[in-house]
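In: got a sequence here, can you model it:
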Amino acid sequence: MHNREILTSPDNKKIKELQQLGKKKYRREQNAFVIEGIRFVESALEKSIALKDVFYSSALWDNERGTALIEAVEAKGYRLHEVAPKLFDAISDTVNSQGVLAVAPMMPEVLDTDILEGETTYLSLVLDRIQDPGNLGTMIRTADAAGIKDIFLVKGTTDPYSTKVLRSTMGSIFDVRLHMLDTDEVIAYAEQHGIRLVVTSLDASLYHYELAVQDKLAIVIGNEGNGVSKEFLEAADDLIKIPIYGGAESLNASVAAGIVLYDFAIRQKKLMKMDFSIR
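Out: Next comes the predicted model:
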């Protein structure tokens, strides 16, 4: 296992290609992004993600879990590149690196309309120009935890494949479908497939827990500073708000998304169980 060539130069072709993926332009060109950390790579293997390349620090052999990970990657037949510890620390994006990086393929962005066929309930998330990477990553992770598969990222939303976003997703990036669309495309898709656009707004008169959830719904969360765009407000089937009992003017975008997502997801699942029991 230890007889493969160890990469030691920052001028190595593979190292340069890896570092290029730190820029959005190259990620889009290569249709790939970088994940880092033992748990992240383990998660990719567990979910059968076809990793393009795996880079690991020679020091990873000293760690039992690290050794097991290297052997698991080898068993999958993915390309492995051993990197000298000093060079690995230089290319790592974290202060205390765990010694492993991998290049993963971006998930397909084409909408699968078949997922809506025969569905009595359906829940998705629309993110309107979300700027903070931590917020975006947290919302992806929260949507995944709530069982939501489709997330619509409106033009102007920060890149979901940046390092900060990926770190916040904690691996959930592999469990959701991301769709990059313009505002009008999201609105048209919702209309075409009978999906009600539920828009969060401080000016709404309806609280989130008062909205009936038996229909196909898409929850729209707006930009941290400016809220939801005028286009979404005008196209909304329902406007909702979250009650605020204290002195705060508003909630953090990811917190608001979590409250509404879980409320709707839980109530939809209860409806599905009731429908099944009636049959």
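
In: where does the chain have low pLDDT?
Out: Low-confidence segments of the chain (pLDDT under 70): 1-3, 109-121, 274-279.

In: show me where it has its strands.
Out: Counting by DSSP state E, the chain has strands at residues 6-7, 32-36, 53-57, 79-83, 100-105, 122-127, 150-154, 177-181, 196-200, 206-207, 216-221, 238-241.

In: make a markdown table out of these and add mean neighbour count and distance to Ala257.
Out: Where you see a C-beta, it was placed from the backbone N, CA and C, and this is true even at glycine. Shown next, in a markdown table, are the strands of the chain (neighbours: other Cβ atoms under 10 Å; distance: least, Cβ to Cβ, whole Å):
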| stretch | mean neighbour count | distance to Ala257 |
| --- | --- | --- |
| strand 6-7 | 17 | 41 |
| strand 32-36 | 22 | 23 |
| strand 53-57 | 23 | 33 |
| strand 79-83 | 19 | 37 |
| strand 100-105 | 22 | 25 |
| strand 122-127 | 24 | 7 |
| strand 150-154 | 22 | 10 |
| strand 177-181 | 17 | 15 |
| strand 196-200 | 23 | 8 |
| strand 206-207 | 12 | 16 |
| strand 216-221 | 24 | 5 |
| strand 238-241 | 20 | 12 |
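
In: and Phe232, how close does it get to Asp128?
Out: Computed as Cβ to Cβ, to the nearest Å, the Phe232 to Asp128 distance reads 6 Å.

In: compare those two and say which one has the larger neighbour count.
Out: Asp128 (25 against 21; other Cβ atoms under 10 Å).

In: how about Leu87, what does it touch?
Out: 7-10, 15 (Cβ atoms under 8 Å, 6 or more residues apart in numbering).

In: show me what contacts the nearest residue to Arg196 once chain neighbours are set aside?
Out: Of all residues not flanking Arg196 in the chain, Asp237 sits nearest, at 4.1 Å (Cβ to Cβ, 6 or more residues apart in numbering). Taking Cβ under 8 Å, 6+ apart, we find Asp237 in contact with 196-198.

In: one more: Leu45?
Out: The contact partners of Leu45, by Cβ under 8 Å, 6+ apart, come to 51, 69, 72-73, 76.

In: ok, which stretches of this structure are helices?
Out: Secondary structure of the chain by DSSP state H: the helices cover 13-20, 24-30, 38-46, 64-76, 85-91, 133-145, 163-169, 183-192, 230-235, 253-278.

In: reformat these as a markdown table; add distance to Phe55.
Out: Output for the helices of the chain, formatted as a markdown table (distance: least, Cβ to Cβ, whole Å):
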| stretch | distance to Phe55 |
| --- | --- |
| helix 13-20 | 6 |
| helix 24-30 | 15 |
| helix 38-46 | 10 |
| helix 64-76 | 10 |
| helix 85-91 | 7 |
| helix 133-145 | 22 |
| helix 163-169 | 15 |
| helix 183-192 | 37 |
| helix 230-235 | 41 |
| helix 253-278 | 31 |
